[in-house]
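**Q** Generate a structure from the sequence data that follows.
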Amino acid sequence: MTKTVHIPREKIKREWHLVDVKGQTLGRVMTQISSLLIGKHKLDLSFHNDHGDYVVVINAKDIKVTGRKMIQKIYYRHSGYAGNLRELTLKQMMEKDPRKVIFHAAKGMIPKNKQRDRRMKRLKVFVDENHTFQDKFTK
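**A** Residues are numbered from 1 along each chain as shown. Sure thing, here's the model as predicted:
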């Protein structure tokens, strides 16, 4: 009989990961990022606890997609009022703010539960290679 081990929140060690998405395919790199945010790479993973790490994504403007997704993939948002459904294609979203594409993809790949917002706060996305977390990666 195996025993479920509960690790206190204070003893969870969160690491920092730097992911450069320049020239990489959106879906393939997002599976790696969401896995790091959830903490699936850790040995002490238990799904009722949040064991995920911090992820810093750079070069969001240079991400690639396959096929005709740039014009066929559509992002919807609605204000709640009648007639206020807004649509943006992936190309328009990349021109407006490429960070939102990464956030939206990550949010869709993380389980929809109470830990989702905490995990999303640990995702830091930057448009180019300059980021404010240099001190976290110098060892």
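**Q** what's next to the helix or strand in which I71 is found, contact-wise?
**A** Assigned by DSSP states H and E, I71 belongs to helix 69-72. For helix 69-72, the external contacting residues (CB atoms under 8 Å, 6 or more residues apart in numbering) are L26, T89, L90, K91, M94. (C-beta placed from N, C-alpha, C; glycine too.)
**Q** can you pull the buried residues of that helix?
**A** By 16 or more other CB atoms under 10 Å, helix 69-72 has no buried positions at all.
**Q** right, and the helix or strand after that helix?
**A** strand 74-78.
**Q** and the residue lying closest to I102 once chain neighbours are set aside, what does it touch?
**A** Excluding its sequence neighbours, the residue lying closest to I102 (CB to CB, 6 or more residues apart in numbering) is V125, at 4.7 Å. Each residue near V125 by CB under 8 Å, 6+ apart is listed here: V57, A60, R99, I102, F103.
**Q** which stretches of this structure aren't confidently modelled?
**A** Applying pLDDT under 70 to the chain flags residues 138-139.
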